[in-house]
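[1] can't give you the sequence, but here's the structure:
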């Protein structure tokens, strides 16, 4: 399930309709982070949840896009993971709680 995406080719940001009830500040932060990422390295950045509720970052680029910085993109994603770890963990918790209807067990482990 796609949380959000930013596209440098169309200069658009997309937030999945299912996530419209996220707080406005979170939605704005996602928009800023994603748009800055694609403005700096190009391509398309998609944040999506896998079947277990883990947030994945997927990057795509058109074949003819010689300006796309694949290495820079990977480094920026690594940096985002480190700097915004609490945000990503909170979004995963939200997704699991709302969409996967899982209950938290002792020790913060998921069943």
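    Everything's here; your move. Just so we're clear, the structure is a prediction, and the values are computed from it rather than from any experiment.

[2] make it CA atoms for all contacts and neighbour counts henceforth
    OK.

[3] could you pull out the helices in this protein for me?
    24-41, 70-83, 85-98 (DSSP state H).

[4] redo those as JSON lines? Include mean pLDDT, distance to residue 9 and mean neighbour count.
    Output for the helices of the chain, formatted as JSON lines (pLDDT from 0 to 100; distance: least, CA to CA, whole Å; neighbours: other CA atoms under 10 Å):
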{"stretch": "helix 24-41", "mean pLDDT": "96", "distance to residue 9": "9", "mean neighbour count": "16"}
{"stretch": "helix 70-83", "mean pLDDT": "94", "distance to residue 9": "15", "mean neighbour count": "14"}
{"stretch": "helix 85-98", "mean pLDDT": "94", "distance to residue 9": "26", "mean neighbour count": "16"}
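
[5] next, format the ones you listed as a markdown table and append distance to residue 18.
    A markdown table is the format used below for the helices of the chain (distance: least, CA to CA, whole Å):
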| stretch | distance to residue 18 |
| --- | --- |
| helix 24-41 | 12 |
| helix 70-83 | 23 |
| helix 85-98 | 10 |
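
[6] from residue 78, how far off is the closest residue to residue 19 other than its chain neighbours?
    Spatial nearest neighbour of residue 19, excluding adjacent residues (CA to CA, 6 or more residues apart in numbering): residue 3 at 6.9 Å. Distance, residue 3 to residue 78, by CA to CA, to the nearest Å: 18 Å.
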